[in-house]
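*Asks:* Next comes the sequence, and after it the predicted model I'd like to discuss.
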Amino acid sequence: MKRFLIFLAVGVALIAILLLVQHIQLKKTKSLSPEEEVSYSEGDLTIHVLYNRPSKRGRKIFGELVPYGKVWRTGANEATTFETDKPIKIAGKILPVGKYSLWTIPDSTAWTVIFNSEYGQWGINHTGEANRNPANDVLTVSILAVNQERTFEQFTIAFEKVDEEAEMVLLWDNTVVAVPFSR
């Protein structure tokens with residue numbers, strides 16, 4: 001019985017140590033890509049985006065760190081979350097009221113932007129692939145990507161009002177992708 005209690009105590013201690021190490025690693029990862037929330041409000045429409053902001057840190061981003069033609073979690077850590085309290089048109093297509101994960105497929109001239117009904121998941125699975133189930137895609141649009149001379153060190157999502165529409169703008173490295181939306 002005494003031997004069993006010793007094994008049990010050692011097992012509990014090992015589990016506690018593993019959980020502590022995992023917590024420390026997650027905290028370090030989060031500090032390198034801090035969490036950010038941005039919102040857009042106009043009239044009775046409110047949109048919230050929750051995402052993590054990785055930094056360039058001397059790396060070539062699109063086409064290397066974030067490969068062309070592969071699904072990206074559009075940030076770091078957890079998949080980016082997009083929530084709208086009213087139906088909106090994104091690039092002319094209707095996105096219903098709801099909360100979504102936001103995914104993109106970058107390419108050198110255009111990006112595919114995907115709104116998926118599954119949200120709250122970690123952005124990649126254990127194999128390093130995007131943790132997205134395509135069966136839950138609600139809306140997919142293609143948006144032009146613009147390369148600029150200016151470099152954006154940290155990945156940023158911002159909102160801009162443009163005439164009768166607005167844009168959700170994704171900026172990182174030398175790339176700008178402006179996703180138009182309206183009521």
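*Replies:* Ah, there it is. As the structure is a computational prediction, the values presented were derived from the model and not from experiment.
*Asks:* who's Lys93 bridged to?
*Replies:* Lys93 has these beta-bridge partners by DSSP bridges: Ile90.
*Asks:* Would you confirm that it contacts Leu139?
*Replies:* Yes. If you go by CB atoms under 8 Å, Lys93 and Leu139 touch, sitting 5.6 Å apart. Yep, even glycine has a C-beta here, placed from its N, CA and C like the rest.
*Asks:* who's more crowded, the two?
*Replies:* Per other CB atoms under 10 Å, whichever of Lys93 and Leu139 has more neighbours is Leu139, with 18 against 13.
*Asks:* buried sites along the helix or strand containing Glu167?
*Replies:* Element membership for Glu167, per DSSP states H and E: strand 165-182. For strand 165-182, the neighbour count (16 or more other CB atoms under 10 Å) marks 166-168, 170-179, 181-182 as buried.
*Asks:* again, but for stretch 93-112
*Replies:* Neighbour counts over stretch 93-112 (16+ other CB under 10 Å) mark Leu95, Lys99, Tyr100, Ser101, Leu102, Trp103, Thr104, Ile105, Pro106, Asp107, Trp111, Thr112 as buried.
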